[in-house]
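Enquirer: Dropping the sequence and predicted coords here.
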Amino acid sequence: MTLNSPPESIHALNLDQLRKPEITFWSAWKGKELLGCGALKELGDQHGEIKSMRTSSSHLRKGVARRLLEHIIEEAKQRGYHRLSLETGSMDAFIPARTLYASFGFQYCQPFSEYIEDPNSLFMTMEL
């Protein structure tokens with residue numbers, strides 16, 4: 001994230017934050033090779049947030065993020081969430097991520113939860 005975002009605009013979770021009880025973290029593997037990862041943060045009993053979606057640079061554009069996103073959305077539905085939201089970067093490097101989220105029905109929205117307006121961030125949400 002440090003390559004594309006200034007420090008004050010990085011909202012990715014570190015390892016300690018990923019271990020919190022409100023976070024569920026998944027990783028995708030092929031044998032011993034890490035393909036990607038993603039997390040779901042519970043914001044309330046009806047609202048979840050997608051966190052820390054990443055694809056290994058050697059596996060970009062191979063459907064890894066799509067499969068992880070499908071899994072996270074299905075899990076959110078099983079939990080009974082009515083809304084799923086996310087924060088992503090506003091820079092060109094994040095266009096593929098924003099395109100992926102839009103293809104699933106996410107729409108741009110105002111900051112949610114504890115986020116504030118930030119020129120380096122965009123916010124998206126969808127009803128489940």
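Expert: Looks like it arrived, so ask away. Residues are numbered from 1 along each chain as shown.

Enquirer: Now do stretch 96-116: everything it contacts.
Expert: 11, 43, 47, 49, 53, 60-61, 65-66, 69, 73, 84-89, 117-118, 121-126 (CB atoms under 8 Å, 6 or more residues apart in numbering). Any C-beta I mention is one placed from the backbone N, CA and C, and that applies to glycine too.

Enquirer: Strands of the chain, residue ranges please.
Expert: 23-30, 33-44, 47-55, 83-89, 107-109, 121-127 (DSSP state E).

Enquirer: I figured residue 75 hits residue 24, correct?
Expert: Yes: using CB atoms under 8 Å, residue 75 is in contact with residue 24, at 7.1 Å.

Enquirer: List the residues that are in contact with both of the two.
Expert: Both residue 75 and residue 24 are contacted by residue 40, under the criterion CB under 8 Å, 6+ apart.

Enquirer: Only whichever of the contacts of stretch 96-116 are buried, select them in PyMOL.
Expert: Filtering the contacts of stretch 96-116 down to the buried ones (16 or more other CB atoms under 10 Å) takes a single PyMOL command:
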select buried, resi 11+43+47+49+53+65+69+73+84+85+86+87+88+89+118+121+122+123+124+125+126
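
Enquirer: Stretch 110-119: how far from the chain's middle?
Expert: Counting by CA atoms, centre = their mean, to the nearest Å, stretch 110-119 is centred 15 Å from the centre of its parent chain.

Enquirer: which one's the longest helix in this structure?
Expert: helix 64-78 (DSSP state H).

Enquirer: Just put the strands of the chain in TSV and tack on distance to residue 101 and mean pLDDT.
Expert: Below are the strands of the chain laid out as TSV (distance: least, CB to CB, whole Å; pLDDT from 0 to 100):
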stretch	distance to residue 101	mean pLDDT
strand 23-30	17	96
strand 33-44	12	96
strand 47-55	8	95
strand 83-89	7	96
strand 107-109	9	98
strand 121-127	5	97
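
Enquirer: I am finished for the moment; much appreciated.
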